[in-house]
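**Q** Provided below for reference: sequence and predicted model.
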Amino acid sequence: MEAEYGGLAEVQRRIREGLATRIIGQDSAIQQILTAFFAGGHILILGVPGLAKTLMIRSLSELLDLQFSRVQFTPDLMPQDITGTSILTSDSDGMDRGFRFRKGPLFANLLLGDEINRTPPKTQAALLEAMEEGQVTVMGQRHKLPVPFFVMATQNPLEQEGTYLLPSTQLDRFAFQVMLDYPNEAEELELVSSTTARTEEPLHPVIPGSWVTDAIEEIRKVVIPDWVLLRATRMVRATRPGEVDGCEVARELLSHGAGPRGIQTMLTTSRALAALRGRNTVIAEDLDEVILPSLRHRIVLSVHADAEGLTQDDVIQRVRESIGDLDGDMPRIQDGELGFLRRWLEKLSDTTPDFKVSK
């Protein structure tokens with residue numbers, strides 16, 4: 001894999017060059033999307049219409065030679081409209097009758113779920129099994145989804161009428177929540193001039209789709225130092241207001257903190273980010289960059305935070321400052337603490353195939 005395509009860092013460079021021919025700006029969002037994708041996770045994007053969300057994911061599928069599918073979520077959308085359904089078929093003489101499964105748009109490598117909060121909970125729940133287990137169950141029959149399988153769901157933060165809040169269980173299935181903002185003046189001027197001056201050029205794959213699965217497997221070999229394990233765990237535990245040894249920031253500004261999947265996400269995505277930057281070991285910078293997108297949708301602000309006008313990012317930053325840094329502070333970490341932590345994470349890895357702890 002390294003010899004043929006130059007490694008994951010080189011592949012990322014080619015992908016970003018390809019995206020740059022269609023997407024102006026949004027460098028941070030693109031980095032987070034690629035990080036979550038190669039970590040094997042899904043993302044939820046919050047952004048107003050017209051910020052190239054559909055173009056971004058469709059262009060990525062072309063560059064990676066993967067199948068793309070789009071679902072526009074509406075109030076009348078039914079679960080079988082997404083997963084597919086079993087239909088009754090028969091031969092030409094009508095004698096041999098039986099049910100045949102017809103696949104829905106969910107059966108793609110990259111699925112864009114546009115305005116996911118506009119469909120009722122019954123239809124939202126149709127994605128739960130797919131996102132967690134990579135399969136769907138229809139009429140008692142399990143159907144495996146393509147590998148890799150990546151969901152990018154979007155929400156419009158401006159309009160709340162006729163929408164349905166995503167339950168916390170579904171939000172927890174997303175690795176990242178990405179905030180997509182307006183481009184700056186220079187980027188917007190370039191965007192307008194380029195889209196009115198030329199037609200869209202086709203993109204050519206930079207790697208075959210089958211390579212992506214191998215790349216995800218290679219990323220799992222990236223080393224996670226002990227201090228990173230401990231820092232990620234302490235960060236998530238510090239968001240829980242009910243913890244006996246929790247921080248005062250969480251007690252005052254949060255009503256609900258992140259669960260264990262938040263720790264797993266921070267570790268797997270920091271691992272992917274290190275690999276995308278050509279390193280085989282996670283460093284402090286990698287972990288710091290994934291904290292906000294990993295946790296902002298997993299915490300619930302208290303009335304005090306709302307009264308102060310704070311955002312999830314504001315509170316997470318305060319929590320992060322309250323726990324300090326652990327890099328280079330290994331002498332103060334007890335062996336028993338790390339031993340328990342590793343046993344706990346290894347237990348999680350036994351039940352979660354996408355998560356492995358480096359020895």
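**A** Looks like it arrived, so ask away.
**Q** Tell me where the stretch 51-200 of the chain is predicted with low confidence.
**A** 90-96, 191, 193-200 (pLDDT under 70).
**Q** For it, which segments are assigned as helices?
**A** Ranges of helices within the stretch 51-200 of the chain are 53-63, 80-83, 121-124, 126-133, 168-171, 185-197, based on DSSP state H, counting those that start in this stretch.
**Q** could I get those as TSV with distance to Gly324 and mean neighbour count?
**A** In this view, the C-beta of every residue, glycine as well, is placed from N, C-alpha and C. Listed next are the helices of the stretch 51-200 of the chain as TSV, based on distance: least, C-beta to C-beta, whole Å; neighbours: other C-beta atoms under 10 Å:
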stretch	distance to Gly324	mean neighbour count
helix 53-63	36	20
helix 80-83	45	20
helix 121-124	39	17
helix 126-133	34	18
helix 168-171	28	14
helix 185-197	36	11
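**Q** of those, which approaches Ile30 most closely?
**A** Ile30 sits nearest to helix 53-63 of all these, at 7.2 Å, using C-beta to C-beta.
**Q** Now do the closest one: which elements does it pack against?
**A** For helix 53-63, the packing partners by 3 or more C-beta pairs under 8 Å, 6 or more residues apart in numbering; DSSP states H and E come out as helix 7-20, helix 27-38, strand 68-72, strand 110-114, strand 150-155.
**Q** got the angle for the fourth one vs helix 126-133?
**A** Per axes from the mean of the first three to the mean of the last three C-alpha atoms, to 10 degrees, the angle that strand 110-114 makes with helix 126-133 is 150 degrees.
**Q** can you check the second one too?
**A** Interaxial angle, helix 27-38 versus helix 126-133 (the same axes, to 10 degrees): 70 degrees.
**Q** just checking, next helix/strand downstream of helix 27-38?
**A** strand 43-46 (DSSP states H and E).
**Q** Which residues does that following strand contact?
**A** 29, 32-33, 36, 53, 116, 151-157, 166, 171, 174-180, 293, 297 (C-beta atoms under 8 Å, 6 or more residues apart in numbering).
**Q** How far away from the center of its chain is it?
**A** 8 Å (C-alpha atoms, centre = their mean, to the nearest Å).
**Q** State the mean pLDDT of it.
**A** Across strand 43-46, pLDDT averages out at 91.
**Q** what residue ranges in the stretch 251-359 of the chain are flagged as low confidence?
**A** 325-359.
**Q** in it, which spans are strands?
**A** With DSSP state E, counting those that start in this stretch as the criterion, the stretch 251-359 of the chain has strands at 254-256, 300-301.
**Q** out of those, deepest packed?
**A** strand 254-256 (a mean of 19; mean count of other C-beta atoms under 10 Å).
**Q** Report the distance from that one to the chain centre.
**A** 22 Å.
**Q** Please apply the same query to stretch 227-242.
**A** The answer for stretch 227-242 is 20 Å, by C-alpha atoms, centre = their mean.
**Q** Using PDB, list the CA coordinates for it.
**A** The C-alpha trace of stretch 227-242 is given here as PDB (Å, rounded to 0.1, in the frame of the first residue of the first chain):
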ATOM      1  CA  TRP A 227      -0.500   9.400  28.400                       C
ATOM      2  CA  VAL A 228      -2.900   9.900  25.400                       C
ATOM      3  CA  LEU A 229      -5.100   7.100  26.700                       C
ATOM      4  CA  LEU A 230      -5.200   8.700  30.100                       C
ATOM      5  CA  ARG A 231      -5.800  12.200  28.900                       C
ATOM      6  CA  ALA A 232      -8.700  11.200  26.600                       C
ATOM      7  CA  THR A 233     -10.300   9.300  29.500                       C
ATOM      8  CA  ARG A 234      -9.900  12.200  32.000                       C
ATOM      9  CA  MET A 235     -11.200  14.600  29.400                       C
ATOM     10  CA  VAL A 236     -14.400  12.700  28.900                       C
ATOM     11  CA  ARG A 237     -14.900  11.900  32.600                       C
ATOM     12  CA  ALA A 238     -14.400  15.600  33.400                       C
ATOM     13  CA  THR A 239     -17.500  16.400  31.300                       C
ATOM     14  CA  ARG A 240     -19.800  14.400  33.600                       C
ATOM     15  CA  PRO A 241     -21.300  16.600  36.300                       C
ATOM     16  CA  GLY A 242     -22.200  13.700  38.500                       C
END
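**Q** on that earlier part again, nearest to Leu19, of the helices of the stretch 51-200 of the chain?
**A** Closest among the helices of the stretch 51-200 of the chain, using C-beta to C-beta: helix 53-63, at 5.6 Å.
**Q** residue contacts, the closest residue to Phe38 other than its chain neighbours?
**A** Nearest residue to Phe38, sequence neighbours excluded (C-beta to C-beta, 6 or more residues apart in numbering): Ala272, at 4.6 Å. For Ala272, the contacting residues are Thr35, Ala36, Phe38, Ala39, Ile219, Val222, by C-beta under 8 Å, 6+ apart.
**Q** what number of residues lie near Arg173?
**A** For Arg173, the count of nearby residues is 18 (other C-beta atoms under 10 Å).
**Q** what's the answer for Glu201, then?
**A** 8.
**Q** Identify the residue spatially nearest to it, adjacent ones excluded.
**A** Thr21 (6.3 Å).
**Q** can I assume the one you found is in contact with Leu203?
**A** Yes - at 7.2 Å, Thr21 and Leu203 qualify as touching, with contact defined as C-beta atoms under 8 Å.
**Q** Please say which of those two ends up with more neighbours.
**A** Between Thr21 and Leu203, Leu203 has the larger neighbour count (other C-beta under 10 Å), namely 18 against 13.
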